[in-house]
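Student: Whatever this is, show me its structure:
(chains A and B)
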Amino acid sequence: MIATANTATLSWFAAHEIRLAWRDWKMLMSGGRKLKDRAVLVGMALFVLGVHGIAWIALTPHLPIAAGTAPGKAMLAAISVSFVLTFTMMFSQALEQVTRAFYARDDLDLILSSPAPSRHLFAVRITAMAMTTALMSGLVVAPFVNVAAILDGAYWLAAYPVIIALAGVAAGAAVLTTLMLFRHVGAKRTRLIAQIAAAVVGASFLIGIQTAAILAYGSLSRFEFLKSEGALAQLPDAGSLLWVPAKAVMGMPAPFVLFSLASLAFFAAVVWRGSLAFREHVVAAMGVSEKRHRHVTRHGAFRARSTFGALLHKEWLLLARDPWLISQTLMQILYLVPPALLLWVSYGAKTNVQTILAPVLVMAAGQLAGALAWLAISGEDAPDLVATAPVRPAALIWAKVVSVLALIGAVALPFVLAIAFLSLHGAAVILIGVLAGAACAILIQLWFRAQAKRTNFRRRQVASRISTILEALASILCAGTAAVAAAGSWLAVVPAGLCLIVMGIAWLVSPRGN
Amino acid sequence: MSAVSDAPALAIRHLKKTFEEPAVDDLSLTIKSGEFYALLGPNGAGKTTTLRMVAGLLNADAGEIAICGIDTAKDPIAAKRVLAWVPDEPMIYDKLTPMEYLAFVAGLWSMDGEVARAKADQLIDVLGLSQKAHERCGGFSKGMRQKVALAGALIHEPKLIILDEPLTGLDAGSARQVKAVLRHLVSQGVTVIMTTHILEVAERMADRIGVIAKGRLLAEGTLEELRNTSGAHGATLEDIFLQLVEEQPDTAQGAPVDRHGAQLAGALA
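Tutor: The predicted model follows:
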């Protein structure tokens, strides 16, 4: 049947979006392999079942609440913190989706040039963002809600509509933020700022709480901080409006209705206003790539370089101009703020701070190295050019590896030097751990490398699920080894040995090993 | 190992490559220095596979390739030093400017800095890229990207340049510029091998033409020699090409053109 303009209704666009979203989701879950819908659903069900187990272990000590007991400030504070954490994660995710909707949707040319009312599409797309955000968070939060309902009563199920309402608020806030950025900084800068904000916002609240905990109590635990008498004294009474969201999560009727209606009204207003403004901004965003980005090439760019030097220079130039990488690196560095603060407040104290810092730094280095290595090794945009250059393949790879290691070293070095003032042994352990973690990530990227465009960076995990899992395992084991070694125990050989086994498995199952 | 001066620019002997079915099947080809050679063939004929093996981007299953007398299997680095490859889809870095791209290519070929700078300025000027020389390539059109890739291929002064469909997607002005550059290269003694589906270009520009289908060389020679081979005196290259490939069983192009045209017209009616 040939579609006519009459078919482009809200429901028709919604069906189109749902089909695309399901296929996108399926591809994400299946790693690009052809899987039946049923297999994907079974996989998702197993994941949700696994999280139920974790939720059971986590909630059993705290639930049920004694019958007739009104929730205290400590409990309301704990729920509120989890609520705000969930919101920041949702907002970060929605902001990233909005940015993509503006800049990276391949079908916009077709839709905007068609006689279909684009406003319908954008209304559906904003709603789809809210639904996706709710679904993604729901997959993680739902098991906790279910377990709470089993242990303490069905009233906890009210958290479901609250999650949906919260996702609506997060998506609405993300749309408003993006539109505001468009208005104030222009289409070109909005992309970079929104991407960085999306990465940073998700981490900022958690980091803020941890920072407060460290500064006040010298501990990384946010719950220890919330349970403290000092913190509780600063919080408003249980009747305060501040606790409305927490009470809504717990199913109290008035707060529940108030929160749900306010969220719905806010979301409806954003959809109404946002779908109007979307078209105008999408058109502005589409012209961004045509805008000029002038970089007058210095004479030094042509100075006689070795092949190795040319490759190194090119890798660093490209990495420095990658907005995704900048936001990811910034996020990794942000996550290092609490441990850095811990280090700072521990000066003079006799705490074995390197034991706490070693795993954090090694883990961060492994993650960052994985991302950098993918961009340098697999994300080569001119593979034919470098493959036809008169350079040995090993020299090409070595240049890429060095470019990654040098950047990891530059990020880790200030921490290592600071720790060296406390403990030379700790600094040496962390330095070796960081290099080992980075080396493991780089080796796995080398063994599993598959040529891709740099713009596919977001989907790098999709290309090979097994390499992603092995990279994460190696990173965790390197972090574990560093922690145990920093504590001065010979038991560090256990995680180190396990890491070697993981690397052996990675080699055996990799295309290179085969 | 240095290039042998009187050796052919490219000598291919009994080259074979099989994917699911043979893509290149016992292909032998010799192209003299300073020659403009057009390699023609229907889609899937094995043109790109052959040229990718020459450029060192694919390993051959069997056979030998020598570039300017250098065996690519024995000394690939020396062979690559005298070769430039321009793929059909220009692969350049969106985040680099044309000048930065050329500086990078010059570094890969270990060129002297001053020489590279002068050559880059000249190429940027000749290819009409001066206005965009310091802008990132991300927003460039296909034609602009193709010209940047061509500049990259020429900056290290190769003896053999291989271009896979270099004129596809170019506007008339850009196509003329690229053709002029290629003609100039040949006049300077550089060997140019080009695949193209635009038969008029091959007819007008090439010294010799090779037609391949199903990985085998069907015919080779000047336009006149091809006419003699096919027995169609006064025929155009298009006539000769279609006659040659239609004689091949099981090729999509093997079906009579007139019938295809009639079917298409019927579908559009």
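Student: how much space is there between A:F13 and A:T99?
Tutor: 21 Å (CB to CB, to the nearest Å). In this view, the C-beta of every residue, glycine as well, is placed from N, C-alpha and C.
Student: Please apply the same query to A:I18.
Tutor: Taking CB to CB, one finds A:I18 at 21 Å from A:T99.
Student: between those two, who's got more neighbours?
Tutor: Neighbour count, other CB atoms under 10 Å in any protein chain shown: between A:I18 and A:T99, A:T99 has more, with 23 against 13.
Student: What residues does the stretch 351-500 of chain A have near chain B?
Tutor: Remark: the part of the stretch 351-500 of chain A in contact with chain B comprises A:381-392, A:454, using CB under 8 Å from any CB of the partner chain.
Student: Restricted to helices, list these.
Tutor: Of those, the ones assigned to helices by DSSP state H are A:P383, A:D384, A:L385, A:V386, A:A387, A:T388.
Student: would a markdown table of those residues with neighbour count be doable?
Tutor: Output for these, formatted as a markdown table (neighbours: other CB atoms under 10 Å in any protein chain shown):
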| residue | neighbour count |
| --- | --- |
| A:P383 | 15 |
| A:D384 | 20 |
| A:L385 | 24 |
| A:V386 | 21 |
| A:A387 | 18 |
| A:T388 | 26 |
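Student: Let me know the pLDDT of A:K34.
Tutor: If you check A:K34, the pLDDT there is 62.
Student: same question, A:F308
Tutor: Note on A:F308: pLDDT of 83.
Student: Tell me which stretches of chain B form helices.
Tutor: Under DSSP H, chain B gives helices at B:47-54, B:76-81, B:98-108, B:113-126, B:142-154, B:172-187, B:199-205, B:223-230, B:237-246, B:257-268.
Student: Out of the ones you listed, which is closest to chain A?
Tutor: With respect to chain A, and counting by CB to the nearest CB, the nearest of these is helix B:98-108 at 2.3 Å.
Student: Output the contacting helices and strands for that closest one.
Tutor: Contact here means 3 or more CB pairs under 8 Å, 6 or more residues apart in numbering or on different chains; DSSP states H and E; on that basis helix B:98-108 packs against helix A:307-320, helix A:383-388, helix B:113-126, helix B:142-154.
Student: Kindly indicate which of the residues of the stretch 351-500 of chain A next to chain B lies nearest A:G239.
Tutor: Using CB to CB, the shortest approach to A:G239 within these belongs to A:R454, at 53.9 Å.
Student: burial count for B:H156?
Tutor: Counted with other CB under 10 Å, B:H156 comes out at 22.
Student: wait, isn't it in contact with B:V105?
Tutor: Yes: using CB atoms under 8 Å, B:H156 is in contact with B:V105, at 6.8 Å.
Student: residue contacts, A:Q451?
Tutor: Shown in contact with A:Q451 (CB atoms under 8 Å, 6 or more residues apart in numbering or on different chains): A:S378, A:E380, A:P383.
Student: And it, its phi and psi?
Tutor: phi -60, psi 130 (degrees, to the nearest 10).
Student: ranking the helices and strands packed on helix B:98-108 by burial, who's on top?
Tutor: Ranked by mean neighbour count, these are led by helix B:142-154 with a mean of 23 (mean count of other CB atoms under 10 Å in any protein chain shown).
Student: quick one: that one to helix B:172-187, angle?
Tutor: 20 degrees (axes from the mean of the first three to the mean of the last three CA atoms, to 10 degrees).
Student: what residues does helix B:142-154 touch?
Tutor: Contacts of helix B:142-154 (CB under 8 Å, 6+ apart): A:385, B:84-87, B:90-92, B:98, B:101-102, B:105, B:119-120, B:123-124, B:127-129, B:132, B:137, B:140, B:161, B:163, B:166, B:169-171, B:174, B:177-178, B:181, B:185.
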